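S.K.: quick one: sequence and predicted model below, then my questions.
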2 protein chains.
Amino acid sequence: MFKSIHRRLKTLLVLTLVFTCWAAVANPRTQISADDLVNIQSSVTASPSFTNFVNETRSRIDEYFRISPDVPLPRDPGGGYTHEQHKKNGIAIYEAGLLSLFTGDERYANHAKQLLLSYAALYPTLKEHPVKHSNYPGRMFWQVLNEAVWLVYAIQGYDAIRRELSAVEKETIEGGLFRPLADFLSIGSANTFNRIHNHAAWAVAAVGTTGYVLDDERYVELAFKGTNLDGSAGFYQLIDNLFSPDGYYTEGPYYQRYALMPFVVFARVIASNQPELEIFEYRKSVLVSAIYACVDLSYNGLFFPLNDAIKDKGLNTVELRYGIAIAFALTEDPSLLAIAQMQDGFVLTSDSLKMAQAIDAGRAKPFGYIPRLFRDGPNGTSGALGILRGDSGKMGQAVVVKATSHGFGHGHFDRLNWLYYDNGSEIVSDYGSVRFLNIEQKEGGRYLPENTTWAKQTIAHNTLVVDETSQFDANAEEADRFHPKVVQFHGDRPIVLIRASTENPYQDIRMERLLALVENVAEERHLVVDIFSVESNAEHQFDLPIHFEGQYIATNKQPTAVEAVTLRPLGERNGYQHLWLRSKQELVSNETFLFTWLIGNRFYSVLALTDSPSQVLFAQLGANDPDFNLRPQKVLIRRVNGVKRTTFVSVLESHGEYNGAAEFTINNRPTIKTLRFLENDHLQLVTLDTVNSATYHIAFSRMRDAESTHVIVLDGIPLKLQGYAAAFDGEGNQI
Amino acid sequence: MFKSIHRRLKTLLVLTLVFTCWAAVANPRTQISADDLVNIQSSVTASPSFTNFVNETRSRIDEYFRISPDVPLPRDPGGGYTHEQHKKNGIAIYEAGLLSLFTGDERYANHAKQLLLSYAALYPTLKEHPVKHSNYPGRMFWQVLNEAVWLVYAIQGYDAIRRELSAVEKETIEGGLFRPLADFLSIGSANTFNRIHNHAAWAVAAVGTTGYVLDDERYVELAFKGTNLDGSAGFYQLIDNLFSPDGYYTEGPYYQRYALMPFVVFARVIASNQPELEIFEYRKSVLVSAIYACVDLSYNGLFFPLNDAIKDKGLNTVELRYGIAIAFALTEDPSLLAIAQMQDGFVLTSDSLKMAQAIDAGRAKPFGYIPRLFRDGPNGTSGALGILRGDSGKMGQAVVVKATSHGFGHGHFDRLNWLYYDNGSEIVSDYGSVRFLNIEQKEGGRYLPENTTWAKQTIAHNTLVVDETSQFDANAEEADRFHPKVVQFHGDRPIVLIRASTENPYQDIRMERLLALVENVAEERHLVVDIFSVESNAEHQFDLPIHFEGQYIATNKQPTAVEAVTLRPLGERNGYQHLWLRSKQELVSNETFLFTWLIGNRFYSVLALTDSPSQVLFAQLGANDPDFNLRPQKVLIRRVNGVKRTTFVSVLESHGEYNGAAEFTINNRPTIKTLRFLENDHLQLVTLDTVNSATYHIAFSRMRDAESTHVIVLDGIPLKLQGYAAAFDGEGNQI
């Protein structure tokens, strides 16, 4: 409560500043300042990598303007011709404008001006967009979001050329295009503008930047305070409510990337125009933390595909090119240069130019990936995302555990879900979303029906499904009310772990999961230990899936049934209707099940046991998919039926090498042979026997207290555990 | 007949030379000569890239010999421990021996010697290998082939250190290991040694190299003449019969790579010891042509996966590292250096060192890929493999058409099959073989049952299936008796094409296929035109599959049936039992069917028509696959039933771009809208109407005569065709 009042006071203070200290300087004044212009062209020439980038952009823009770009009447949804054409034109205005600054070539300024004049003629004639798929329709675009994005680009392009225009040209463009557009995005779309949502961030950035460029305080005020001008909406509210104190954005990494752009671009524009606001220091520099978080929330350059996510998005997206450049200009952190090198391109800003110069000077250092716990929620109290890493490289072992809040409409019903990466690839994976972004034939590029019927459902994730239903009965509003609890997190080797629990997703079900990366036990790499406990007062069916990439190699158990001549769906609803059942295996209590698969040049084996009789089902995605929207992903499901409580234990070993070119295979079988498990309310003990007749014990405390001490006596051998976890050899020596 | 006598004469002549001019020089005398030793260490130091390679090899070998390598009693099949350990030891002897020359470090010579002494103790104790899976069993290995490969490596390692050994050591190693092994591989395994087969090439190279190294003419004579010493087998017979005049190896690219190594390595050894034989000039330098052929038979570094092929094999395999280095030493062709750069490593020979120096000196030039027709058969009269290329880069458009002979036991029943590549990827693909090479859990790494029941069957390929049976009823011996006929080949733009026909695969069925890469019609890239004609005296069912990679996007036609809740196999045998039927569409005669799919960042559309009513079936691989051996590949099958003749026409357009990172999509639909087709005995005419209301005609002659002239009058417009093909715009102007 105190915190919240404190923040409100700070906001008021800041709002006062906005209107006392602002004195407009000459254009440009967004991400390049009038002062930058003095040396900009010689700086470009001095940086070979930025020169390359400018030259590439030039040839693209030269080609684009070879004949006058079409400015069509809006007609199509996302992915359609008019949609894509307007998007391209917006970016072309921006790039042509900025190129005129970086090259000094007036043709570019003229290109931008001509296109802006066309829009100034078109825009006043537009009514609501003819495609009626969005609750928030635009005029140029089927959704107002795209219109805001368009303005963020176009206004910066205009800023770059404004000082060159005649008064009549300025009046035409501002009166015909920018003012009506900014009015429409703010007052005219107040529902969107005042939401606490990433769409609002784009609208706020667009309108606010327009205010600075046109030297019109009214738009800046709207951007800071919302359309009611009372601070109940607007930029500070968005920063306060959409990011956690660790810089985590509640919708997840994919939307974090997208949401980040208006925040960092608008903050950068504010910093140019009102440095006294210290916007990047606001809330303990949360915007800078949010940029760094994007890097931590990625593997081998791609974002963890949590919630609705397109899996090919990563650090090389344009949003992160702005973000990393801005963060580097603020921090001069050389490890950001390594990220920039992965981006394989720059953006047309002075920050990006500075970054390119630093790269050219050989200042890049590797980015050190470390285990991280990202708290969720505005106060950091709504669960967390845990990232366990085996080493600091971008290709090493990583485990991601989702114990965050739901994340609004794009959230998936996947509490206590985990992902596993190794050797540059996804190993235990998440489907992401069912959507072909910008591909018109696939429902205009929008989310497809299977996104709801499959991708959001619990069975589509690597977490427990009770009675073949999804968490919260797949009700997002209900899910948004709760969050899991992170019980333990330990970020230091040799055992990096997270333990989280939750009681809300299902009635009368308590579940707790431990995931740990354990060093020094398996020969080659860290083991992943997974202990999933569930209990209830009534009997249920519990399914724990592992969605695995790659090629099935072998199990240690003949199937009791193989569906070789007829495939039928595993169930009827909640995602089960999309899975073809392929085989079934029956296990007795505490029997070790082994499954080995191959991804690229490396083998993976999961050894699993449960303390009840269980089944293992293999299934393949693709049932009830008349439009071929789904990929044929594979899943192993461990099933226990008719019990009130059970614990699923598994150990995942990454091993060996398959080398096709050199024709050899080594360590195609895991070193671990069997698994044993003991637990009580305070402790869990996993015992591993290896093929070389060695034995290891890995002991885990279940207490919140990171300092608690336990002694376990096992066959007369005392194992002393201090803290959350420890591993021992067969003689009880800690390793 | 004359040719064949000529060859025999030449062989006799050469055999005479072998035993008149040979005077043994000092060891080493295989791929490094005693003369090379003078400057070798300083040359390594002068080449940074070779120094890197030597250092990498050193650390690998240092690690390998950190503790004495195990020399186990033979027990396991391919992929198993003893199998892999012996393979590794053979290579370790080779690498340690050669390293002693490249580094001057005696530790390596000692490593090689110690390991050889262990084998000299083991080998005499061995009987036939306990695993009885092979018709040609070895002693160390389950098949004699591996034993021959082992000797090719080990004898070269021994050659490198022989001059340093005492007489006793030499006697121990040669008497205990090399002589018994060479005896076993030649006289002791005469069936293998005297075959015309790649296994014989390894044995011949092993035994012949042993002869040179030990200075024992008897082994060299066996290698040149076969065990009967009459020239009916041995090296020249193998060169004469396994390669076509164009350097094509009849089993296909995958086995060409493997077969090539003993040929080029042994030829290189011969060239060192008996340069007067001019072995590399033999048969118009066919061994050099065969090395170049490997490059032409690849796409983006990977071999075309024809016949039994593992799809991850390509130009970076060790066989090609030897091959390219040897070819470069002979030709100094700088475009081979570009291939070497793709190989990302060298081998421990003086040729490879020379090549590294040339690369370091910046002499590499791009390899120019061009359309090629590779004739098959010893005389080049057994059909051919056609390669159409759209540009000279390794990532451009390529069409591969298989009209070769069957290719022995590893051949597939796939006459008139085609593959299509673009943008660095397989687009229309071949399954390759069903085998997990060296992975013990998958039947010891051998070919799996589905290799026979699926991969070899006709339906697994992109060629016509009659009445759901395979060509030649899947009888390889029968198939080996015939080959298709190449009617036309044209390698120059703007229309690169091949036309081939065959009558043998099915009783009373004549089939002809034209495949053409056509420039200047589609906006962005070349079109692929495919015309498949079939006729018979009786009614049949004709199925023409397209096995496509990537993601199904859309068709222009609602399915009449979609299997959403039960999947059943498409048929009962001949490969059909492995396909799950997913959907069915019904088309009337001459209706244009459109299917668009997405691979990586590019769209592909096939527009298809047949002159009969037809069905389109979509199916997915995986039925009757109890051991999860198959990948879930997708196939579109065009089916015409109950007709005596039909023509399947299709045009494949590569279009547009899906850019996930930058969030745009362009040209997601093909420019071609409809297809029309006319034909008579002399001509075929494909007419295309585009979405922009343009019309194009592509005319093809069916005559063998490359100079024939035709005039087609279409709606009063004369189209004049000279040669095999021409394209015209709607007004009849040739384009």
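M.R.: Thanks, I have the structure now.
S.K.: for chain B, what's its nearest residue on the stretch 101-250 of chain A.
M.R.: residue A:149 (9.6 Å; C-beta to the nearest C-beta). Bear in mind the C-beta positions are built from the backbone N, C-alpha and C, glycine included.
S.K.: distance of that residue relative to residue A:168?
M.R.: Note on residue A:149: its distance to residue A:168, by C-beta to C-beta, to the nearest Å, is 29 Å.
S.K.: so what does the nearest residue to residue A:242 once chain neighbours are set aside have for phi and psi?
M.R.: Spatial nearest neighbour of residue A:242, chain neighbours left out: residue A:249 (6.0 Å); criterion: C-beta to C-beta, 6 or more residues apart in numbering or on different chains. Main-chain dihedrals, residue A:249, degrees, to the nearest 10: phi -100, psi 130.
S.K.: could you do residue A:442 as well?
M.R.: Dihedral angles (degrees, to the nearest 10) for residue A:442: phi -100, psi 70.
S.K.: which one of residue A:149 and residue A:168 is surrounded by more residues?
M.R.: Taking other C-beta atoms under 10 Å in any protein chain shown, residue A:149 and residue A:168 do not tie; residue A:149 has more neighbours (23 against 8).
S.K.: enumerate every residue touching that one.
M.R.: When contacts are counted by C-beta atoms under 8 Å, 6 or more residues apart in numbering or on different chains, residue A:149 touches A:87, A:90, A:202, A:206.
S.K.: mind checking pLDDT for the residue nearest to residue A:242?
M.R.: Looking at residue A:249, its pLDDT stands at 95.
S.K.: quick one: contacts for it?
M.R.: A:198, A:242, A:243, A:255, A:256, A:259, A:260, A:290, A:293.
S.K.: hang on, isn't the second one packed against residue A:200?
M.R.: No: between residue A:242 and residue A:200 there is no contact under C-beta atoms under 8 Å: 9.0 Å.
S.K.: looking at these two, which has the bigger crowd around it?
M.R.: A direct count of neighbours by other C-beta under 10 Å for residue A:242 and residue A:200 places residue A:200 higher, at 27 against 24.
S.K.: is any residue of the helix or strand encompassing the more buried one near chain B?
M.R.: If you go by DSSP states H and E, residue A:200 is part of helix A:198-214. No: using C-beta under 8 Å from any C-beta of the partner chain, helix A:198-214 never reaches chain B; the gap is at least 13.5 Å.
S.K.: mean confidence for that helix?
M.R.: Averaged across helix A:198-214, the pLDDT comes to 96.
S.K.: for that helix, what is the distance to the chain centroid?
M.R.: Computed by C-alpha atoms, centre = their mean, to the nearest Å, the separation of helix A:198-214 from the middle of its chain amounts to 23 Å.
S.K.: packing partners of that helix?
M.R.: Packing contacts for helix A:198-214, counted by 3 or more C-beta pairs under 8 Å, 6 or more residues apart in numbering or on different chains; DSSP states H and E, involve helix A:144-161, helix A:179-185, helix A:190-193, helix A:217-225, helix A:235-242, helix A:253-273.
S.K.: what separates the shortest one from the chain centre, distance-wise?
M.R.: Taking the mean of its C-alpha atoms, helix A:190-193 sits 25 Å from the chain's own mean (C-alpha atoms, centre = their mean).
S.K.: and what of the fourth one?
M.R.: Per C-alpha atoms, centre = their mean, the displacement of helix A:217-225 from the mean C-alpha position of its chain is 30 Å.
S.K.: which helices and strands sit right next to that helix?
M.R.: Helices and strands touching helix A:217-225, by 3+ C-beta pairs under 8 Å, 6+ apart, are helix A:2-21, helix A:198-214, helix A:235-242.
S.K.: do the same with the last one
M.R.: The contact analysis (3+ C-beta pairs under 8 Å, 6+ apart) places helix A:253-273 against helix A:144-161, helix A:198-214, helix A:235-242, helix A:282-296, strand A:302-303, helix A:318-331.
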